[in-house]
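**Q** below are the sequence and a predicted model; questions follow.
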Amino acid sequence: MVGVAYDCLANPLGAVRSSFEKAIASGSDPASFDGKDWGALDLFRHFLFDQAGLSQVPILNQKTVKWVQPNSLVRFRGMIQDMLGNEFYAGAYKDGTVWRTNKFMDVSQAPIDSSSDMRIWERNLLYCVPVPGQNSWTESSAEAVMHESMNWASQQREKRRRFEDEAVDKMDSIVSSYGSQGPPSAKKMREDGHPSQTTQFQESTTVATCSSRSMEPDIDRDSLACIVKIYDPPESELKLNEVFEFVGVLTLDSDFQVDKDENDDFSNGFSEDALVHFPPNKVPRLHCFIHRKLSVHDLIQSSPMMEPKPHLVKGIRETLLRHLTIVLGNDDLAAHFMLLHLLSRVNSRVDTVAVGKLSLNLTCFNKESVSVFGTQLSLAIENLLPITQCIPLTIDYLNTASLAPRKDYETNRLITGVLQLAEGTHLMIDETQLVSGTLNPVGVENARLLKNLMEFQKVEYDFKYYKMDMPVDIQLLILSEGKSNILPADLVIPFQPSSVGSSETVSAEALEAWRWYLTTLRSLPHSIDSEMQKVIENDLVEARQADRSLGGQDFSRLLTMGRLICMSLGETCLSLEHWQMVKELERLRRERLK
Amino acid sequence: MASDSSPVNFNDGPSSPDDSFSSPIGNTLSSPGDASRRRMRRRSTTPSAFGTPPAAQQSRFATSSEATPTPSRTRRTATDGRRRSSTPSSTPMAAATPSSTDDAPPSSEGGDGFYMDEDRPTFVWGTNISVNDVKAAIVRFLKNFRDQPFTSESEYLTEGKYIETIKRVLEVEGDSLDVDARDVFDYDSDLYAKMVRYPLEVLAIFDIVLMEMVPIISPLFEKHIQTRIYNLKTSTSMRNLNPSDIERMVSLKGMIIRCSSIIPEIREAIFRCLVCGYYSEPVAVEKGRIAEPAVCLKEECQARNSMTLVHNRCRFTDKQIVRLQETPDEIPEGGTPHTVSLLMHDKLVDAGKPGDRVEVTGIYRAMSVRVGPTQRTVKSLFKTYIDCLHMKKTDKSRMLGYDQLEVDNCSGGNSEDTIFDEKKVEELKELSKLPDIYDRLTRSLAPNIWELDDVKRGLLCQLFGGSAIKLLSGASFRGDINILLVGDPGTSKSQLLQYIHKLSPRGIYTSGRGSSAVGLTAYVAKDPETGETVLESGALVLSDRGVCCIDEFDKMSDNARSMLHEVMEQQTVSIAKAGIIASLNARTSVLACANPSGSRYNPRLSVIDNIHLPPTLLSRFDLIYLILDKADEQTDRRLAKHIVSLHFENPESIEQDALELSTLTAYVSYARKHIHPQLSDEAAEELTRGYVELRRRGNFPGSSKKVITATPRQIESLIRLSEALARIRFSEWVEKRDVIEAFRLLEVAMQQSATDHSTGTIDMDLITTGISASERLRRENLLLATRNIIMEKMQLGGPSMRMLELLEELKKQSSGIEFHLNDLRNAVASLASEGFVALQGDSVKRL
């Protein structure tokens, strides 16, 4: 078929339709397509992966939404913030004598006569938002591709204008409405570091708290949320808070607005349709063909996929350690722990224990040092990890912020909270601003939430009639004056800078290598041979005989450290040498604690 | 419609509903059957005066004009129904008793109808299910179904279950007949299958059958009885509802999250002519709307556009839309709960409140969305909802901890919900037969915490609980077992608590540090919306019939602790404030843990001195365990091994025979609900014997020293423990071995906490008063010695003596015994209270 590529990109629905007709023509009964694909997805899979069409598909975000054509193929990267349940639609229907399909469309092409034959199919609705805390540098590599496709798209647009004046006019009016608001480029927002980011967050949370009345909850001005309609998904493949890339048809039709005036039986009870709260001109719909789960690793887009070779890894480790040491004012020990902390992730869960987490509490900060090192540190981490967040902990913040997501039954939506974060997010909590004061019930609840997050790596979602624990995987770093009691971290280490770190200039290549290092090594497999196991066991028993205050938690921490040290060297098997390093680090840390 | 394997046929011609309705109405108007009219009229939900079941069915299920029932199918049933109701004698039953059908047409006609049906059997539209067959099957079911598999004798002696039920309904003038779907299945699985598959049609036939049967049983009864099906064999999860379920009968469990206000839905409208005052005949709802007559029907008037609705003569029914959400346990990891809308009518309105957990039986429906209110074309989207037939609150099953008391209160065992399916029960019973079930359960309890086996056994007993007894005289004995864990920091007390909290059917976890008295019991709050004062329950009330876990019990304020006295023995919380005087049930087991007041437990001090708890409270705990951290290499090694395996996924060390948490929970709740053991004679004897023995241990032969080793409270504890132990075995009788084990458990706990360290014997006084008998003896001796010294050394009104001098004297006199200044001070103080000496600062003066 000539111009399949063209078809798939600009007119994906045409491709869907033609494949459907083909399938029907070959004698298939539309009933057999219940919950199944008739071959349309293969077409797209072929186009996207075999023909490498994926890179041509424009990424949908706040910037591109202005020029991306409706009913064209786009991709969207986002976190599943809420699941809006499923939707039944007339999947296939008979128009006269011809079977037609409505799959991947919001409205049917031909008006469906209620007398005609039809098949009801279902699709799932997901409300997706850009990953909270995703750093702007993760987008830059995708931008090059985007520009390319933008040129292409604008050409198309020129062509189209002649044919589809009307549609484009509609689009333009939407664009201009955005234009008047003038969203500042996301990059600019990021550049002034975490403060702006957090204020932005506070803003969004205050929006969220009063949103039970407002019709458009948390539709941020500079982040584009999207309703993704997933077809025939395998059971439980998509989970809340996971980051996905969706490829599908973008629809921006305004047909839904009719809904609001419609006074059917259900709307006088209460609003049945969560979609009412998302005007389609603000929240585009994406009918998804293909989705792909993204891990932190997929977000960094380093060009050459390097093999984690030990000598290479060790080199990167050295430079990264040096970088961290400089950032931390020549505190070598803190830098070591910081490296381990940045590599940590939850490997497994046994009962309530999240194995593998390593939260770090840097103590001995005061107001001055936090302004110097804290900022420096958060900038450095922001540059190293793809998803970072920062919370300045104050009494006021605790008393007012809504940390946990909660379900609003009025709108039937899950209202996001600060702690609704994607897997692998780094969260820095600055406790130095905390002064004595009174916590109100919200504050107590929030403090409890944070503590649970630290201890169990779980966030409690508030469903009003019950709470539900959501397992998370978040790296937690706490800056505090003394040992934080609100946030009991796994590792407490007094921070002792010896020099005010001069901000060094970091080369782009080094940065890229470090990013690659931190995200790739995190997922290395890990093992231990039985001999080494014996050694460790004996060491632990010995340590406990000497110091009764050591408990399971301390053991667990030591083992996590062992694993991370081993990982940081690019190795997969814990050796005696690594174990010695752990013990040495622990000894130094204990010395400092005295 | 070649492709009619489809679950739903949407061949819904826009004009077809009109057919199905206009004709019945026409029929009614011309119908002379007065009785039938009256009867139909009474039936509140009937949309038209015409009372054929299809119309009734419409009223029960139709909600809006665009609902997607398959009217073409309905139409056929409608005509069938009409024919049948006009010729009721066509059914064998009615034919057998023609006298009772007061509105029956002449029998000859009935005969015709009968034969006509024979010639052209009618089918449920689009299927090969014969309406008459179904009807006959229903009649057979209703007449013949019996609970017990009947013998030939009983068949004649007892009436069918549902005939009885119908009679009962008639007696109380009810309007619905609850039919257990399992009964239908047991009697006629084919009928069951049809009912689930084509609920609209089969239920309509059910209604017809009932309508025909009722006059036979009670000719004067004029209401219509609706069939409500419940207890389907299979319950669908909300998540799995899919298009193939549309138009089928489904059963769902969930939690109500929202209820709409009650919507009055018009069923019949009456219009009045503004010109001549003529009242129209009732106009029924048609496709969700009512056609206003354009012309006055009175022949003389015939004014145009003069008709106006007379509100207070119209008939309305209640309608409510309820949102149901999945219960938390059905949500897969990483998912958000699904919701579904329910449509409630009549009696079901307001049957549930937000927060209730319910099981709903209904018909899954899809409704197409019109593009505009006036347009015929529909969008490709459907809204789905469940037309609710029956709703059952499963709220009680959440508490699980049924006690004898509650079961007795329940009227009739039938209504009790069965939350355990048979397979599961079988499994559990199999488990209970294992000889090592007790040990196995112990192992499964918090498998990550080692040793502490006896503590775990105690906790297990707490979970199962004893039976509460309420005597006729009003005295009641609690069945809940309270446990206190005292121990060194870092001995996983809190983890145990967390685990129990997770396991117990109902319960609250609180920390003593943050709990106030009101937070634990109940408090009065102002409702922000209405300004009314409302009673909000605290942790203890909320964990009624569960376990209330209180961490850091020692950190709790005295005020809060004093509230616990009432709860732990009387099991109620009394409130008298802000105009509310109430006594709330708090039948909760308390599991508390406390740290010693010095960070480590001091074995030389008594429990009370160690944790600074008032003895009155302490004595209310059935079991007090000391969890001490002993420097044992073996334990350390196990800990180390465990942690290592945790990190490196070593499958070896994972306990094999531990039960899964869900099984354990099911086991516990089944036992709590269904097993109510009683003391066997043997066990009672053993109890008596053991208690006497325990008491005797306090008597040392040849010594006047009396130590209380057991109090009546212990007997109660022992009974509770042995009952719990019997429950663990799913045994209805408490046997001797249970009692022996209960003694052992109690002794283990007492040995730790109530052992007098100076003598090594168990001394209940340690718990009840905080002072052991030997200590008391020592104090008495000291008092005596002090008195003697003062008598010797000091004269009446003579010079005063310093305390230290006194101590020196004392030590001189009674060599070998250590005296502390403090003890002496106490002794002098008590002498002073006798008026024997005067104490001024540090100097003692004899009076």
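**A** Great, that's in hand. Numbers count the residues shown, from 1 in each chain, chains lettered A, B, ... in the order given.
**Q** show me where the stretch 401-550 of chain A dips below the pLDDT cut-off.
**A** For the stretch 401-550 of chain A, the stretches with pLDDT under 70 are A:501-504, A:548.
**Q** contact residues of it facing chain B?
**A** A:407, A:409, A:412, A:414, A:444, A:463-466, A:468, A:470-471, A:526-528, A:533, A:536-537, A:540-541, A:544-545, A:548-549 (CB under 8 Å from any CB of the partner chain). All C-beta spots, glycine's among them, are computed from the backbone N, C-alpha and C.
**Q** in ChimeraX, how would I select just the buried ones from those?
**A** Buried members of these, defined by 16 or more other CB atoms under 10 Å in any protein chain shown, are picked up in ChimeraX with:
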select /A:407,409,412,414,463,465,468,470,471,526,528,533,536,537,540,541,544
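**Q** in helices only, show me the residues of the stretch 401-550 of chain A next to chain B.
**A** With DSSP state H as the criterion, helices contain A:Val444, A:Gln533, A:Ile536, A:Glu537, A:Leu540, A:Val541, A:Arg544, A:Gln545 from among these.
**Q** can those residues go into CSV with extra columns for distance to B:Val209?
**A** Putting these into CSV (distance: CB to CB, whole Å) gives the following:
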residue, distance to B:Val209
A:Val444, 61
A:Gln533, 73
A:Ile536, 75
A:Glu537, 74
A:Leu540, 75
A:Val541, 77
A:Arg544, 76
A:Gln545, 81
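**Q** what's the single longest strand in chain A?
**A** Ranked by number of residues, the top strand in chain A under DSSP state E is strand A:73-95.
**Q** enumerate every residue touching A:Glu542.
**A** Residues near A:Glu542 by CB atoms under 8 Å, 6 or more residues apart in numbering or on different chains: none.
**Q** let me redo that: B:Glu732
**A** When contacts are counted by CB under 8 Å, 6+ apart, B:Glu732 touches B:Ile675, B:His676, B:Pro677, B:Gln678, B:Ala726.
**Q** which non-adjacent residue is nearest A:Val418?
**A** Computed as CB to CB, 6 or more residues apart in numbering or on different chains, the closest residue to A:Val418 that is not its neighbour in sequence is A:Leu403, at 4.9 Å.
**Q** where does that neighbour land in three-state SS?
**A** coil (DSSP: H, G, I helix; E, B strand; the rest coil).
**Q** I figured it hits A:Gly417, correct?
**A** Yes: between A:Leu403 and A:Gly417 there is a contact under CB atoms under 8 Å: 5.0 Å.
**Q** next, B:Ile643: phi, psi?
**A** Dihedral pair for B:Ile643: phi -60, psi -40, per degrees, to the nearest 10.
**Q** that one: neighbour count?
**A** By the criterion of other CB atoms under 10 Å in any protein chain shown, B:Ile643 has 25 neighbours.
**Q** could you do B:Lys493 as well?
**A** By the criterion of other CB under 10 Å, B:Lys493 has 24 neighbours.
**Q** contacts only, for it.
**A** Per CB under 8 Å, 6+ apart, neighbours of B:Lys493: B:Leu485, B:Gly487, B:Asp551, B:Cys593, B:Ile627.
**Q** where along the stretch 401-550 of chain B do the helices fall?
**A** Shown for the stretch 401-550 of chain B, the helices assigned by DSSP state H, counting those that start in this stretch span residues B:404-409, B:422-433, B:437-444, B:453-464, B:493-503, B:517-520, B:539-542.
**Q** please disregard the earlier target; I meant the stretch 451-594 of chain A.
**A** Ranges of helices in the stretch 451-594 of chain A, per DSSP H, counting those that start in this stretch, are A:508-522, A:530-546, A:552-568, A:576-593.
**Q** now the contacts of B:Lys493 in a markdown table, with distance to chain A and neighbour count?
**A** Converted to a markdown table, the contacts of B:Lys493 look like this (distance: CB to the nearest CB, whole Å; neighbours: other CB atoms under 10 Å in any protein chain shown):
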| residue | distance to chain A | neighbour count |
| --- | --- | --- |
| B:Leu485 | 17 | 27 |
| B:Gly487 | 13 | 24 |
| B:Asp551 | 13 | 24 |
| B:Cys593 | 16 | 23 |
| B:Ile627 | 13 | 19 |
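**Q** need the winner for burial among the helices of the stretch 451-594 of chain A.
**A** Compared across the helices of the stretch 451-594 of chain A, helix A:552-568 shows the largest average neighbour count, a mean of 23 (mean count of other CB atoms under 10 Å in any protein chain shown).
**Q** how is the chain divided into domains?
**A** In the absence of a named chain, chain A is used. Per automatic domain parsing, the structural domains of chain A span A:4-183+A:221-294, A:305-519, A:524-594.
**Q** sorry, I should have been clearer: chain B.
**A** Taken from automatic domain parsing, chain B resolves into B:16-232, B:249-270+B:314-393, B:773-846.
**Q** comparing those, which gets the lowest mean pLDDT score?
**A** Of all the domains of chain B, mean pLDDT reaches its minimum on domain B:16-232 (a mean of 58).
**Q** mean confidence score for the helix or strand harbouring B:Tyr625?
**A** Taking DSSP states H and E as the criterion, B:Tyr625 maps to strand B:623-627. Average pLDDT, strand B:623-627: 79.
**Q** hmm, back to that, show me what the longest strand of chain A is packed against.
**A** helix A:4-10, strand A:98-101, strand A:118-129, strand A:226-231, strand A:243-251, strand A:413-415, strand B:378-393 (3 or more CB pairs under 8 Å, 6 or more residues apart in numbering or on different chains; DSSP states H and E).
**Q** can you put those in CSV and add distance to A:Gly39?
**A** Listed next are those as CSV, based on distance: least, CB to CB, whole Å:
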stretch, distance to A:Gly39
helix A:4-10, 13
strand A:98-101, 12
strand A:118-129, 16
strand A:226-231, 13
strand A:243-251, 17
strand A:413-415, 35
strand B:378-393, 21
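**Q** so which of those comes closest to B:Val644?
**A** Nearest to B:Val644 among the helices and strands packed on strand A:73-95 is strand A:243-251 (32.8 Å), distances taken as CB to CB.
**Q** tell me if the closest one is near chain B.
**A** No: using CB under 8 Å from any CB, strand A:243-251 stays clear of chain B, with a minimum separation of 12.4 Å.
**Q** how far is that strand from where the chain is centred?
**A** Offset of strand A:243-251 from its chain centre (CA atoms, centre = their mean, to the nearest Å): 15 Å.
**Q** how far does stretch A:64-73 sit from its chain's centre?
**A** 23 Å.
**Q** once you drop chain neighbours, what's closest to the single nearest residue of the stretch 201-350 of chain B relative to chain A?
**A** Minimum separation of the stretch 201-350 of chain B from chain A (CB to the nearest CB) falls at B:Gly334, amounting to 2.8 Å. The shortest distance from B:Gly334 to any residue other than its chain neighbours is 2.8 Å, reached at A:Lys239 (CB to CB, 6+ apart).
**Q** what's near enough to touch the one you found?
**A** A:Ile80, B:Glu333, B:Gly334, B:Gly335.
**Q** the nearest residue to B:Ile469 once chain neighbours are set aside - how many residues pack around it?
**A** Spatial nearest neighbour of B:Ile469, excluding adjacent residues (CB to CB, 6+ apart): B:Phe477 at 4.6 Å. By other CB under 10 Å, 15 other residues sit near B:Phe477.
**Q** which regions of the stretch 501-650 of chain B lie under the pLDDT threshold?
**A** Scanning the stretch 501-650 of chain B for pLDDT under 70 picks out B:505-507, B:512-538, B:577-580, B:598-600, B:603-608, B:629-632, B:648-650.
**Q** count of neighbours near A:His426?
**A** Neighbourhood size, A:His426 [other CB under 10 Å]: 26.
**Q** which residues sit against whatever helix or strand it lives in?
**A** Secondary-structure assignment from DSSP H and E places A:His426 in strand A:425-430. The contact list for strand A:425-430, computed with CB under 8 Å, 6+ apart, reads A:132-133, A:194, A:342, A:370, A:374, A:377-378, A:381, A:385, A:387-393, A:421, A:450, A:474-479, A:487.
**Q** also stretch A:78-86?
**A** Contact with stretch A:78-86 is made by A:122-132, A:225-228, A:238-244, A:246, A:274-275, A:412-414, A:416, A:420, A:422, B:335-336, B:338-339, as judged by CB under 8 Å, 6+ apart.
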